Each structure stands twice: as C-alpha cells, then as structure tokens.
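K.L.:
generate a structure from the sequence data that follows.
(chains A, B, C and D)
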Number of protein chains: 2
Amino acid sequence: MMLETRHSITEILSRQPLFRLLDGMELARLAKCTVEYRLNKNEMLFHKGDVPRGMHVVMSGQIKLFLPSSLGSEKVVQMAGPGDSFGEEAVFLNKSCPLAAQATRESLLLIMDKQALCDALERNCMLSTALMARMCSRLCDLIDNMETCVQRGSVQRVAHYLTQMAPAAGNSYELALDTNKQTIASQLNLAPETFSRVLGRLSRDGYIEVNGRSIKVLDLRGLRQFGG
Amino acid sequence: MMLETRHSITEILSRQPLFRLLDGMELARLAKCTVEYRLNKNEMLFHKGDVPRGMHVVMSGQIKLFLPSSLGSEKVVQMAGPGDSFGEEAVFLNKSCPLAAQATRESLLLIMDKQALCDALERNCMLSTALMARMCSRLCDLIDNMETCVQRGSVQRVAHYLTQMAPAAGNSYELALDTNKQTIASQLNLAPETFSRVLGRLSRDGYIEVNGRSIKVLDLRGLRQFGG
DNA sequence: TCATAGACTTGACATCCATCAAGAGCCCAA
DNA sequence: TTGGGCTCTTGATGGATGTCAAGTCTATGA
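P.N.:
Okay, the predicted model is just below:
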C-alpha cells in the first residue's frame, strides 16, 4: 500500500509543471519525502507563526492565504488553486509562517519536505530555475495586490481589480469570480458592504453587469479611467 | 581601462554575499556582463512598466522602490540599501517592471545582465539557492509591509511599524530612521501629516520619544497592544 | 415543497483620515 | 548672520468608508 502511494505520488509529481523536467530517479526521491494532505472545507492548514512543514502544492480545491487581524477580521493575500504552490518563503528562511492558510473547499495538497527539496535543488538546476520563476510570479502577484489595495477610494480599488484580469484585447469581457464576494472584498481591503455598493454603482453607471458571481465588464476603458 | 574596470567588478562581486561562493572563473564571466551604474540624488533608475535591464545590486546609497499613483502621489514598497538586490522578478519572468525605482541619495549600483545570470544559475546550484533565499526574504518583507498597511487605524500602523523592528529582547530601544518621514509615511500608506500627528500622540502618551530622525521606543509592550 | 443558514444587499450613522493651509524648525550656502 | 528652501508640525474641514442593523436572496437538504 505504502509503495503504491509513493508510486502514485511520483506520477502526480511528474504531471506538475514544476517537476516535469526531473528524471524518474529524482522524482522518486522527492516523492519519498512528500505526503498527501486532504482538507475539508474551512479547515485550517496552518496558522500565522506556525513552524512550516514544507512546500505546499495544491492538487485540487482552493487555499486561502491570509493575514489574521485582531478579532476575526482578516486580510486575504492570495488564493491558491490547482497547480499553485506556497510556503516556499518559510522553507528557505528559518522563519515561521508569515501567513495563515485555510481551505475554502475540500482540497488535496502535496507537502514536500524542506530538506528533500533543498537537496533536489542542489542537484538539479532546472528545478531551481523553475522554482525561482514561481517565486517571482508570486512576488509580482503580491505587488499587484498591493497596488490594488493602496488605491485611494473604493471605486478605484474595484476598478483596478477588474481591469487587472482583463484579456489582452477587447473592451468587454466576462469574468467568473472563483470565490465568494466577502473574500474578494478582503483581498481589496474593503468591507463587504462597500464592495457590494461599488459593484452596484458601477452597474448602474453601465460599466459592468453583475449576475451572482459572474461579472461582465462592458467598458474596460471607462474602468481604466478610475484605476489610474 | 576596460579590463581594469572588469577586474574591479570581479572583485566587487566576490565581496557580495550573493556571489561569494562562486569560483574565479564564474565571477569573471558574470563580471563581463555586469555594469556599474551611478545615480544622483533623486535620479530615476527605472519607471514602472519599463523593460527590465537586469538584476540590480546596491553597492552604496539607497534606492526607493515604489508604486507611482495618479498625479505624483506614490506608495513606497521597499527601500534598498547596500547589499540589497532587486529587479529579479522582472528578470525571470518576461514582464515589465512592476515598480519604479529612484535614488534617494547619490548611489552606486551593479546591473547584471539577465542572460548571464540565468546561465550562471544553470551551472551553479549554490547561486540558485542563495538567490532563492533572497527572493524569499523579499517576499516576507513585502508581506510584512502589507501587514502594516492593512492595519485599521493610523496608530495601529505606526505601532506595528515600530514594533516590527524591535530587537529580540528588551522593552525599550532606540531606532534611527534611514529616510525622511515622508517616505516612512508612504510606506505605511499614511499622509505625512497623519504620521506626524501619530508620532506626536504616541510621544505625549509616553510610548516613544522622538528626536528628529531618531525614535526611542520606551514601552514596546504597550505599543504591541495597538499593533494587534 | 419548505425550512434554515449563509451570502449578499441596502440604509443610517459616526469616525477617521486626507486635504488644504499656514506656520515652525532646520540645514546649507552666501 | 541672513536668506531660501525643504522638512516637519499643527489646525480646521469635509468626505469616504467602516460599522451596525435589518432585510432580501440563494442554496442546500429534509
């Protein structure tokens, strides 16, 4: 049974973009130090300040990474979906987790041991490069999020958020939110009520059209006016 | 002359923590693709959206990394001092610079060509690991900054900022600001006036003592009460 | 089908902060 | 010493947004 699990983890790893380039031997080694982890909806994966268990890779589901604030309020920093990884920062520095992580739905993760990962990186430069690219990507996402959050005015923040995920071309597009609106509001550092009001206002003014968790952007250029 | 410069760059690199582990051959190769860059006070290094020139390492002086906002207002994301590097994110992704960079005083930098750096990483795993640690460190700094910025209330933000840089032990310590207060205010996402008022209030209440750009924290625990 | 819980919306209100404006302190150079 | 420019402080004001509260909508399961 154990062997079979390991074997399947090897396979799973080989399908992940991050590990695709590794040879079978290396994959097997990593798989030996990797465990699957299943989470129920709303289950906490780790808390801010915890000792990191390793690098996390999301197989399925969705993980919310957030800064807890005094008394329940929280600021969502990032939502990690299938293929995304997180927790590298705690692995490569000797620090506790700077964020908390919680599943927003039933999820399946891989947790890869810190030491095994470091060893693999020392042997395999391709892996280093791939992981580096990932880290850079996360850094940019963080900066994007920050840019959104520091916009003055709630309308600007929402407009910036909506325009950020615009396709390369076209002045209108449809957008399916991948979480509830409270979570989006938290990402924008807004109260849910304010977010709701802004969406209402942008709707009334004809910039967007909201249907539940689907948002149609009708006038991208108009929105960009706000975003600055 | 040229050779001499290269030679000196090789030496300079060998003194940087990031490159210390490399052998002479590799250093020389990197040095060939590295240029020195001198900036006057207030000179722009690059703008948001520029095509990245490579990885930057600060030799001396200070570089302000910030998000420009519509009409002059800006949000300072990070201050880079001697030994710090930045711009990796733009090097490893094919993206434009997500931040703008400006010298706050006369500064000297190294700019290392993207391709040369990538090549070196492929040959030398030690370098990968070192750079990865750096990226993680920057990520954590960003998260810290974010945590400060999302605190509700100006007093909380300032308190959080001040307690963040507390030494490991002790309830009081002295703190020398490395920039003017406007810049600090911008890092906290506060108007300079508000920052000034908060410092005044914390002084009056006996938590801190301000003398120009030196701040004595008298009651760390008290401040932590605010920071949450 | 209905009931219940959670998500979302809408309204009223008070607070906090950015803005504008003016003045004080500081540094540097002439 | 004096002057000019910059940084910082202090004051007054309005508007934006968080909070509380109530109500509507939606989904899920019995």
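K.L.:
nearest residue to the most centrally placed residue in chain A other than its sequence neighbours?
P.N.:
For chain A, the residue nearest the mean C-alpha position is residue A:80 (2.7 Å; C-alpha atoms, centre = their mean). Once flanking residues are discounted, residue A:80 sits nearest to residue A:63: 4.4 Å by C-beta to C-beta, 6 or more residues apart in numbering or on different chains. Backbone N, C-alpha and C define where each C-beta goes, glycine included.
K.L.:
and for the one you found, the neighbour number?
P.N.:
By the other C-beta atoms under 10 Å in any protein chain shown criterion, the neighbourhood of residue A:63 contains 23 residues.
K.L.:
then residue A:221?
P.N.:
10.
K.L.:
just the pLDDT for it.
P.N.:
Note on residue A:221: pLDDT of 94.
K.L.:
A helix includes it, no?
P.N.:
Yes: the assignment for residue A:221, made by DSSP: H, G, I helix; E, B strand; the rest coil, places it in a helix.
K.L.:
related to what we said a few turns ago, and the residue nearest to the centre of chain A, what does it touch?
P.N.:
By C-beta atoms under 8 Å, 6 or more residues apart in numbering or on different chains, residue A:80 lies in contact with A:56, A:58, A:62, A:63, A:64, A:65, A:86.
K.L.:
tell me the contacts of the nearest residue to residue A:171 once chain neighbours are set aside?
P.N.:
Among residues not flanking residue A:171 along the chain, residue A:220 sits closest, at 4.8 Å (C-beta to C-beta, 6+ apart). Contacts of residue A:220 were listed using C-beta under 8 Å, 6+ apart, and they are A:163, A:166, A:170, A:171, A:172, A:173.
K.L.:
export those to TSV and tack on secondary structure?
P.N.:
Listed next are those as TSV, based on three-state DSSP:
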residue	secondary structure
A:163	helix
A:166	coil
A:170	coil
A:171	coil
A:172	coil
A:173	strand
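K.L.:
roughly how far does residue A:220 sit from residue A:175?
P.N.:
Residue A:220 is 11 Å from residue A:175, where distance means C-beta to C-beta, to the nearest Å.
K.L.:
my read: residue A:75 touches residue A:183, true?
P.N.:
No: contact between residue A:75 and residue A:183 fails when scored by C-beta atoms under 8 Å: they sit 10.7 Å apart.
K.L.:
which neighbours do the two share?
P.N.:
Between them, residue A:75 and residue A:183 share no contacting residue, judged by C-beta under 8 Å, 6+ apart.
K.L.:
check what pLDDT residue A:69 gets.
P.N.:
Here the pLDDT value assigned to residue A:69 is 86.
K.L.:
no, scratch that, I was asking about residue A:1
P.N.:
Value for residue A:1, per-residue pLDDT: 41.
K.L.:
likewise the one 10 residues further on?
P.N.:
At residue A:11 the predicted local distance difference test score is 91.
K.L.:
what's the answer for the one 10 residues further on, then?
P.N.:
Among the per-residue scores, residue A:21 shows a pLDDT of 87.
K.L.:
got it, and the one 4 residues further on?
P.N.:
For residue A:25, the model assigns a pLDDT of 92.
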